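Need coordinates for the following:
(one chain, ligands or ions: 1)
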Amino acid sequence: MVEATSRQHPSDATVLPLPVLQMLRMSTAVQHKALEARLPLTHPDLDRTTYQRIIQAYYGFHVPLQRLIAGFSGTEGADPERQKIPALLKDLHALGLSDADIQRLPLCTDLPALSSHAQLLGIMYVMEGATLGGQVLRRIIAHRLGIGADNGGEFLDVYGRETGRLWKSFLKSLADADHPDYNQETVDAACATFTCFERWLERTGVLL
Ligand code: HEM
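I've put the predicted structure just below:
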């Protein structure tokens, strides 16, 4: 994994800390690529059954993660605008699951640690960033499977037209908290979130 926490100033060789967003991008790039390659969402053979299993696995991760975030704070992590469970429930119902089926879905218990605001930002970076990739994925799913927002594809477009605005507002919260004393904690939480998510998807058997 690429890791960098400082940079050389071009003129005087002073070591300056990197902005937290740059640290996050560099440190999670390999994990993002790996997950992108292993998730069959862009695979030419993707079928409805596999798609449904992926949405079930996403539900099994987001529900306990959302509870963890809500339990930690009532601040931006529990922002009503950023709730993703209603979209997942709508998709699961549209894909044919009953309330009882949904109740029986397994939930992930191996979650990233969350005991500081710095860690919350790292977790949110991963889950909010995924809404950007969702914009690419929703088009693929619509094209390949004929699934859109009203018949099982709401989650991939969870913020709809608000995607850009919500991402920018998250980046502002990240920039406001940017501090060399805490940035590594944020990066570690983001890496842990990718690791936990990949492990969960692996366990549920949906990865290539
Ligand atoms: C097949 C699956 C995926 C594809 C094709 C994909 C694709 C993309 C694309 C194209 C972007 C950049 C969007 C932009 O700049 O407007 C992006 C950003 C991002 N994605 Fe994914 N993604 C996938 C899965 C995921 C997953 C599962 C996660 C995490 C759970 C994730 C986390 C992120 C993050 C954190 C960013 C923001 C990077 C940044 O700008 O700092 N992605 N993804």
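
Quick one: residues contacting Glu128.
By C-beta atoms under 8 Å, 6 or more residues apart in numbering, the residues touching Glu128 are Arg82, Leu166, Trp167, Phe170. C-beta: built from backbone N, CA, C; applies to glycine.

Tell me the helices and strands packed up against the helix or strand containing the third one.
Taking DSSP states H and E as the definition, Trp167 sits inside helix 163-176. Identification of packing neighbours for helix 163-176 by 3 or more C-beta pairs under 8 Å, 6 or more residues apart in numbering; DSSP states H and E yields helix 20-38, helix 117-145.

any idea how far the residue nearest the centre of the chain is from the ligand?
Closest residue to the average C-alpha location of the chain: Met127 at 2.3 Å, with C-alpha atoms, centre = their mean. For Met127, the distance to the ligand equals 6 Å [C-beta to the nearest ligand atom, to the nearest Å].

let's have the chain start at 411 instead
Happy to do that; since the first residue is 411 now, the last one works out to Met537.

That residue is in contact with Thr603, isn't it?
Yes - judged on C-beta atoms under 8 Å, Met537 makes contact with Thr603 at a distance of 7.2 Å.

hmm, back to that, which other residues reach the helix holding Trp577?
Residues outside helix 573-586 that contact it (C-beta under 8 Å, 6+ apart) are 429-431, 434, 486, 491-492, 531, 534-535, 538-539, 541-542, 544-545, 567, 569, 596.

quick check: angle from it to helix 430-448?
On the basis of axes from the mean of the first three to the mean of the last three C-alpha atoms, to 10 degrees, helix 573-586 is oriented at 130 degrees to helix 430-448.

avg pLDDT for helix 573-586?
For helix 573-586, mean pLDDT rounds to 97.

Also stretch 449-456?
On average, stretch 449-456 scores 95.

What is the end-to-end distance of it?
This stretch, stretch 449-456, spans 10 Å end to end (C-alpha to C-alpha, to the nearest Å).

In contact with the residue of the chain found nearest the ligand, which residues?
Using C-beta to the nearest ligand atom, the closest approach of the chain to the ligand is made by Gly539 at 2.1 Å. By C-beta under 8 Å, 6+ apart, the contact set of Gly539 is Trp577.

Do you know the pLDDT at Ala602?
98.

Look up the closest residue to it, ignoring the ones flanking it.
Distances taken as C-beta to C-beta, 6 or more residues apart in numbering place Pro522 nearest to Ala602, at 4.0 Å, with adjacent residues excluded.

Was I right to think that neighbour contacts Gln529?
Yes - under the criterion of C-beta under 8 Å, Pro522 makes contact with Gln529 at 7.1 Å.

Can you check which residues contact both of the two?
Ala599.

So, low pLDDT: which residues of this protein?
411-423, 484-487 (pLDDT under 70).

what about the nearest residue to Gln545 once chain neighbours are set aside, distance to Ser579?
Of all residues beyond its chain neighbours, the one nearest Gln545 is Thr573 (6.1 Å), with distances taken as C-beta to C-beta, 6+ apart. According to C-beta to C-beta, to the nearest Å, Thr573 stands 11 Å off from Ser579.

If any of the contacts of Glu538 are buried, put those into a ChimeraX selection.
A single ChimeraX command suffices to select whichever of those are buried according to 16 or more other C-beta atoms under 10 Å:
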select :492,576,580
